[in-house]
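Student: sequence-free structure coming up:
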């Protein structure tokens with residue numbers, strides 16, 4: 001008796017199935033994280049708003065003022081954390097602006113030191129002159145790079161402890177150097193190096209460390225996305241990342257980011273005064289606490305404000321007196337009528353009325369939608385007083401009827 005059989009190698013299919021499952025799991029986690037972040041954003045908006053109002057009422061230099069400043073600083077850090085969660089869930093697109101890389105490193109290491117075991121020592125060495133460490137970047141994504149590199153180094157030393165070295169220096173890559181760095185241009189770069197004294201990486205693994213979903217960790221310890229995400233962020237910022245390792249001795253990761261030589265924009269942002277005005281504004285947000293605090297902030301800037309927590313009521317107010325208001329500010333995500341629908345209806349009543357939309361999700365509306373419905377600006381929540389003041393003043397000045 002004879003038997004005949006066919007053997008098929010289904011390794012590739014199994015790998016694809018595993019990657020699809022991993023991608024679906026990441027999407028589900030991202031959706032959940034995004035929803036939590038949106039609700040937390042609204043809470044933070046109230047905390048930030050009332051803290052800034054309280055600071056204005058306290059004598060500058062008093063202990064009470066200093067204590068309130070600490071609350072504001074903590075809330076602003078929480079705001080940045082929410083940005084990271086939204087970036088993870090892909091519901092925030094991030095804004096590029098001049099960023100001091102040393103500040104990002106300091107903030108990330110402060111958080112890492114509070115979470116890592118005492119068996120891991122962190123050594124920091126900033127070898128760049130103050131003011132010469134500026135890059136054009138999305139600060140939230142840079143923070144993600146530093147945190148992921150730190151977590152990766154810590155994981156390599158979790159069993160026996162060790163030393164994590166974090167170094168920032170400046171290098172100039174000429175035409176010969178960039179041959180080893182694909183898709184980057186010659187010029188001055190800031191180099192961030194994160195090294196560990198852990199178990200190291202074998203040559204076989206080194207070839208795949210930046211591949212999505214590739215990991216040597218046991219199930220439950222990681223998704224295999226950390227280094228792939230870092231690689232994507234660095235490439236998106238016109239930089240490069242390289243790795244070096246000796247098994248049993250440790251590993252080093254080098255991130256290269258183009259150094260921004262113009263510092264004027266960074267200085268202007270830090271020294272710009274908060275402008276005010278006397279125009280009438282219709283403020284709309286379904287979160288009544290945000291409406292109330294936003295109304296107080298704008299009124300302290302000199303504006304006359306009518307706040308509404310119901311978009312249909314706001315539309316009725318505007319319909320009855322369309323020439324009364326110089327500007328409408330509205331949340332995007334609201335029941336009954338969204339901010340986008342409110343903008344469309346308001347523009348039908350008075351086509352040239354200035355309109356600002358706000359949301360905790362940068363993906364809530366696209367640039368094309370903003371342009372097509374005639375919205376003048378879009379602001380990410382939570383909004384601090386200085387940012388709100390500048391946007392409002394600019395939109396009013398640019399759209400005088």
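Tutor: Structure's in. What do you need? Not measured: the values here are computed from a predicted model. Residues are numbered from 1 along each chain as shown.
Student: What is the end-to-end distance of stretch 125-132?
Tutor: When the termini of stretch 125-132 are compared using CA to CA, to the nearest Å, they are 15 Å apart.
Student: Can you pull out the residues in contact with it?
Tutor: 101-102, 105, 133, 165-170, 190, 259, 263 (CB atoms under 8 Å, 6 or more residues apart in numbering). Every residue, glycine included, has its C-beta placed from N, CA and C.
Student: And the helices in the stretch 251-400 of the chain?
Tutor: 264-271, 288-300, 311-320, 339-349, 367-373, 385-398 (DSSP state H, counting those that start in this stretch).
Student: Tell me which helix or strand comes right after the helix or strand residue 45 falls within.
Tutor: Element membership for residue 45, per DSSP states H and E: helix 11-57. Per DSSP H and E, the first helix or strand lying C-terminal to helix 11-57 is helix 63-88.
Student: neighbours of residue 61, just the number please.
Tutor: By other CB atoms under 10 Å, the residues close to residue 61 number 8.
Student: what do you get for residue 337?
Tutor: Neighbours around residue 337, by other CB under 10 Å: 19.
Student: Which pLDDT does the model give it?
Tutor: Here, the pLDDT recorded for residue 337 equals 95.
Student: on that earlier part again, can you pick out the most distant pair from the contacts of stretch 125-132?
Tutor: Across the contacts of stretch 125-132, the longest distance by CB to CB is 27.8 Å; it joins 165 and 263.
Student: Neighbour count: these two, which is higher?
Tutor: Just comparing residue 165 and residue 263: by other CB under 10 Å the higher neighbour count belongs to residue 165, 17 against 13.
Student: show me what contacts that one?
Tutor: 123, 125, 193, 194, 195, 196.
Student: Max pairwise distance over these: which two?
Tutor: Maximum distance among those (CB to CB): 14.8 Å, for 125 and 196.
Student: Compare the two and say which one has the larger neighbour count.
Tutor: Higher neighbour count among residue 125 and residue 196: residue 196, with 25 against 10, using other CB under 10 Å.
Student: quick one, phi psi at the more buried one?
Tutor: phi -140, psi 160 (degrees, to the nearest 10).
Student: Which residue, other than its chain neighbours, is closest to it?
Tutor: residue 153 (3.8 Å; CB to CB, 6 or more residues apart in numbering).
Student: what's the burial count for that neighbour?
Tutor: By the measure other CB under 10 Å, the count of residues near residue 153 is 27.
Student: if I look at it, how far off is residue 66?
Tutor: For residue 153, the distance to residue 66 equals 35 Å [CB to CB, to the nearest Å].
Student: tell me which element residue 166 is part of?
Tutor: Under the criterion of DSSP H and E, residue 166 resides in strand 162-173.
Student: pLDDT on stretch 13-24, on average?
Tutor: Mean predicted confidence for stretch 13-24 is 66.
Student: I meant to write stretch 387-400 there.
Tutor: Stretch 387-400 comes out at a mean pLDDT of 93.
Student: Show residues contacting it.
Tutor: 272, 274-277, 279, 281, 294, 297-298, 301, 303, 326-327, 329, 352, 354, 356, 376-377, 379.
Student: can I see the domain layout of the chain?
Tutor: When the chain is parsed with automatic domain parsing, its domains come out as 94-265, 272-398.
Student: Which one, of these, ends up nearest to residue 17?
Tutor: Nearest of the domains of the chain (CB to CB): domain 94-265, 11.8 Å.
Student: Any idea how far that closest one is from the middle of the chain?
Tutor: 17 Å (CA atoms, centre = their mean, to the nearest Å).
Student: so where's the stretch 51-200 of the chain uncertain?
Tutor: Applying pLDDT under 70 to the stretch 51-200 of the chain flags the ranges 83-95, 176-183.
Student: can you tell me how far the residue nearest to residue 293 when sequence neighbours are not counted sits from residue 329?
Tutor: Once flanking residues are discounted, residue 293 sits nearest to residue 49: 3.5 Å by CB to CB, 6+ apart. When distance is defined by CB to CB, residue 49 is 14 Å away from residue 329.
Student: Please apply the same query to residue 154.
Tutor: 44 Å.
Student: between the two, who's got more neighbours?
Tutor: residue 329 (26 against 21).
Student: Any idea what the more buried one is bridged to?
Tutor: With DSSP bridges as the criterion, residue 329 is bridged to residue 283, residue 356.
Student: if we can go back for a sec, for the helix or strand where the residue nearest to residue 196 lies, buried residues please.
Tutor: Secondary structure from DSSP H and E places residue 153 in helix 139-156. Going by neighbour count (16 or more other CB atoms under 10 Å), the buried part of helix 139-156 is 139-150, 152-156.
Student: From the contact counts, what lies against that helix?
Tutor: Here helix 139-156 touches helix 63-88, strand 96-100, helix 101-115, strand 162-173, strand 187-196, helix 226-236, strand 250-258, going by 3 or more CB pairs under 8 Å, 6 or more residues apart in numbering; DSSP states H and E.
Student: and if we set it to 6 Å?
Tutor: Where contact means 3 or more CB pairs under 6 Å, 6 or more residues apart in numbering; DSSP states H and E, helix 139-156 is packed against helix 63-88, helix 101-115, strand 187-196, helix 226-236.
Student: Which residues does the last one contact?
Tutor: Which is helix 226-236. Applying CB atoms under 6 Å, 6 or more residues apart in numbering, the contact partners of helix 226-236 are 141, 145, 148, 152, 209, 210, 212, 241, 255.
Student: now stretch 321-333
Tutor: Here stretch 321-333 makes contact (CB under 6 Å, 6+ apart) with 279-285, 339, 342, 346, 349-350, 354-359, 364, 396.
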